[in-house]
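>>> model this:
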Amino acid sequence: MSREENLKSQKPKKEYLMDDDRQNLDPVPQVESDAYKPADKMKGFNTIVTGADSGIGRAVAIAFAKEGANVALVDLEDNEDLKSAKARIEELGVKCLTFAGDVGDEDFVKETVKAVADEWNTIHVLVNNAAEQHAQESLMDISAEQLDRTFRTNIFSTIFWSREVFPYLAENGAVINSSSVTAYKGSPGLMDYASTKGAIIAFTRSLAQNKEFIEKKVRVNAVAPGPIWTPLIPATLGSSYEEHAGVPMDRPGEPYELAPAYVYLATSDSSYVTGQTLHVNGGTVVNG
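As a prediction, this is how the structure comes out:
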């Protein structure tokens, strides 16, 4: 088996909790807030959000829909979470497409982007949010397979999606990448994950300076969340709500608390912002 065949044979791991299981979390992660007041800032926008069936991606997709955007949801599996996210978005009166597959598979990315473009012609915003993490206490425990998988899902996908979407991006469009506070302060239990998040920052800064993107007036930015209470946390790290904090605000963030940052970067409100990272992290001071 060739190296490429071997990589393609590796399946990304979906370890999120399903809708029913999520309801048993204490507290239940909140992807919406009644306090959010939309203002049609994205009316008529066509958007793509990867890693969109739960957590931050779901919160961002719903916020986009509330602002009037059509949303293409991309996630690993066509499961009840993805279906319920689609139903909620359509309930908000906008169009929604769903796609299931490996975001790190180049062929899947090409096929999905083309399908979205065939349906909507123009794409205004791409959110590269899909990610996976696998905690290991020792560097010696990080296998080549895990390393390949984490980098493929987290950074290869970010590059693939950005490249394939570009021809269809509207002038003044936006690419928004999800990084992490771990890119800045490190994480001894998530060394490969933190490395990919650092790579996302470098890619964001580099792509923002790309001549083709500048000429098309496409802005490229990132959001670096701190500890956010999503189904991924108890499923992959095993930590409780109380344990998953360690920030000055002394609590994890909720997914909905990230969404306004993405709305800001997706709209003309951030027309003079590119190559930057917004830190929504509960008060952790980082060096940019």
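>>> Based on its surroundings, how many neighbours for V280?
By the measure other Cβ atoms under 10 Å, the count of residues near V280 is 18. Backbone N, C-alpha and C define where each C-beta goes, glycine included.
>>> Output the contacting helices and strands for the helix or strand where T158 lies.
In this structure, T158 is located in helix 157-165 according to DSSP states H and E. Secondary-structure packing of helix 157-165 (3 or more Cβ pairs under 8 Å, 6 or more residues apart in numbering; DSSP states H and E): strand 46-50, helix 106-120, strand 123-128, strand 169-178, helix 191-208.
>>> Put the alpha carbons of the helix or strand just after the shortest one into PDB.
Scanning forward in sequence from strand 46-50 by DSSP H and E, the next helix or strand is helix 55-66. What follows is helix 55-66 as a C-alpha-only set of coordinates in PDB (Å, rounded to 0.1, in the frame of the first residue of the first chain):
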ATOM      1  CA  GLY A  55     -20.300  22.900  19.400                       C
ATOM      2  CA  ILE A  56     -18.700  26.000  18.000                       C
ATOM      3  CA  GLY A  57     -19.500  25.200  14.300                       C
ATOM      4  CA  ARG A  58     -23.200  24.700  15.100                       C
ATOM      5  CA  ALA A  59     -23.300  27.900  17.000                       C
ATOM      6  CA  VAL A  60     -21.600  29.900  14.200                       C
ATOM      7  CA  ALA A  61     -23.900  28.300  11.600                       C
ATOM      8  CA  ILE A  62     -27.000  29.300  13.600                       C
ATOM      9  CA  ALA A  63     -25.800  32.800  14.100                       C
ATOM     10  CA  PHE A  64     -25.100  33.200  10.400                       C
ATOM     11  CA  ALA A  65     -28.600  32.000   9.600                       C
ATOM     12  CA  LYS A  66     -30.100  34.500  12.100                       C
END
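>>> just checking, V218 touches Y168?
No - between V218 and Y168 there is no contact under Cβ atoms under 8 Å: 11.2 Å.
>>> Report the residue spans of the chain with pLDDT below the cut-off.
Applying pLDDT under 70 to the chain flags residues 1-26, 232-244, 288.
>>> Burial check on the closest residue in space to S162 that isn't next to it in sequence, number of neighbours?
Nearest non-adjacent residue to S162, counting by Cβ to Cβ, 6 or more residues apart in numbering: V175, 5.5 Å away. Around V175 there are 28 other residues, counting by other Cβ under 10 Å.
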